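K.L.:
predicted model and sequence below, questions to follow.
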Amino acid sequence: MSKINIAVVGIGNCASSLIQGIYYYADKTEADAIGLMHWDLGGYTPADIAVVAAFDIDKRKVGQDVATAIFARPNCTAIFCDNVPQTGVTVKMGQVLDGYSEHMANFPAEDSFVLANAPQLSKEEIVAELKNSGADMLLNYLPVGSEQAARFYAECALEAGIGFINNIPVFIASDPEWAARFEAKGLPIIGDDIKAQLGATITHRTLTDLFKKRGVKLERTYQLNTGGNTDFLNMKNQARLASKKVSKTEAVQAVAQERLEDRNIHVGPSDYVPWQNDNKVCFIRMEGKLFGDVPMNLELRLSVEDSPNSAGVAIDSIRCLKLALDRGVGGVIYSPASYFMKHPPRQFPDDQAHRLTEEFILGERTN
């Protein structure tokens with residue numbers, strides 16, 4: 001099988017964990033494949049993934065080799081692979097647009113980011129970089145709320161003739177107009193808003209589905225999250241949270257027995273705690289009624305390293321998108337999107353989404 005050449009926009013904690021993971025698992029075996037659907041997925045292993053182009057706007061990353069940039073501040077995720085070799089791929093200055101929130105300038109540079117003073121590449125230059133690099137797909141890891149920037153890079157992927165994976169809660173794959181544009185070009189897309197291997201949303205969904213299957217009437221629920229990475233710092237700007245709250249809330253509502261009124265469900269980020277770094281702490285409460293209308297409640301606390309928690313999911317998503325490219329399938333790849341993303345165009349319970357994705361991998365489903 002050929003290599004899977006990926007381009008990445010946003011060299012933050014999630015990109016760091018993904019790239020570390022590619023090298024961490026390069027010399028492992030199937031028995032060591034923790035957090036992956038399969039060691040060999042459709043003929044591709046993690047070692048077949050190569051970063052060939054990268055874009056960012058932080059001065060500590062722009063101009064650096066990708067292997068250096070993924071460990072630069074303000075990245076603060078766990079280092080589980082400290083022998084990532086120099087890749088020969090330099091992080092290029094991308095377009096700023098709405099890719100950062102100005103309130104972050106009020107925090108220490110070590111915790112926030114420092115805007116690079118390098119000239120921004122034009123759309124034509126970014127498209128040329130994607131084409132010349134031989135990228136098969138572009139992964140979007142921009143900050144939450146980067147509505148203009150996310151659509152700009154989706155446009156670049158379309159013009160470059162490559163696939164697109166939208167890992168953030170800006171609605172592109174789940175927007176019928178954008179989905180139609182990728183289908184018309186014969187280019188596959190997976191989105192929107194990547195799930196973690198075992199994070200707040202997937203846990204909340206699973207419990208909500210369990211309530212439904214066990215006949216427990218869910219009446220009220222909340223999910224509160226705290227963290228100390230730049231994602232949580234960025235989300236202190238409430239204006240950037242609209243799509244994130246929709247994505248996370250809909251992921252839970254989609255598997256409930258009946259939709260809760262807005263006042264009875266709260267799902268979303270809570271606050272930024274600097275010393276937590278990339279550790280994310282989630283608090284879930286669910287209130288309902290059992291047989292005989294007897295009340296019950298459940299409370300759960302979950303603590304995870306946020307960025308590695310989605311890296312294995314990203315590796316599986318990359319390989320599924322590559323299968324679509326190999327098969328000449330364009331448009332939304334619905335089955336993997338439903339399993340890997342919080343806000344896919346089509347929501348399925350997770351066990352069904354898993355089965356549909358396995359069928360896609362085996363070639364029993366086209367998308």
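P.N.:
Cool, the structure landed.

K.L.:
and residue 5, that's in a strand?
P.N.:
Yes - assigned with DSSP: H, G, I helix; E, B strand; the rest coil, residue 5 falls within a strand.

K.L.:
count the neighbours of the residue lying closest to residue 322 once chain neighbours are set aside for me.
P.N.:
Nearest residue to residue 322, sequence neighbours excluded (C-beta to C-beta, 6 or more residues apart in numbering): residue 4, at 4.7 Å. For glycine as for every other residue, the C-beta is placed from the backbone atoms N, C-alpha and C. With neighbours defined by other C-beta atoms under 10 Å, the count for residue 4 comes to 24.

K.L.:
and the gap between residue 4 and residue 326?
P.N.:
From residue 4 across to residue 326, the span is 10 Å (C-beta to C-beta, to the nearest Å).

K.L.:
same question for residue 310.
P.N.:
24 Å.

K.L.:
these two: which is more packed in?
P.N.:
residue 310 (24 against 15).

K.L.:
so that one is in which element?
P.N.:
Secondary structure assignment for residue 310, by DSSP states H and E: helix 308-327.

K.L.:
quick one: contacts of whichever helix or strand comes after that helix?
P.N.:
Under the assignment DSSP H and E, the closest C-terminal helix or strand after helix 308-327 is strand 331-332. Outside strand 331-332, the residues within contact range by C-beta atoms under 8 Å, 6 or more residues apart in numbering are 173, 179-180, 182-183, 187-191, 344-345, 367.

K.L.:
now do strand 331-332: distance to the chain's middle.
P.N.:
The chain centroid and the centroid of strand 331-332 are separated by 17 Å under C-alpha atoms, centre = their mean, to the nearest Å.

K.L.:
tell me which other helices or strands the helix holding residue 310 touches.
P.N.:
strand 4-9, helix 13-24, strand 49-56, strand 137-140, strand 163-166, strand 188-191, helix 334-340, helix 350-361 (3 or more C-beta pairs under 8 Å, 6 or more residues apart in numbering; DSSP states H and E).

K.L.:
tell me how far it lies from the chain's centre.
P.N.:
For helix 308-327 - counting by C-alpha atoms, centre = their mean - the centre lies 11 Å from the chain centre.

K.L.:
for that helix, list every residue counted as buried.
P.N.:
308-325 (16 or more other C-beta atoms under 10 Å).

K.L.:
enumerate every residue touching residue 254.
P.N.:
Shown in contact with residue 254 (C-beta under 8 Å, 6+ apart): 205, 347.

K.L.:
for the one 10 residues further on, same thing?
P.N.:
Contact criterion C-beta under 8 Å, 6+ apart gives 219, 220, 221 as the residues in contact with residue 264.
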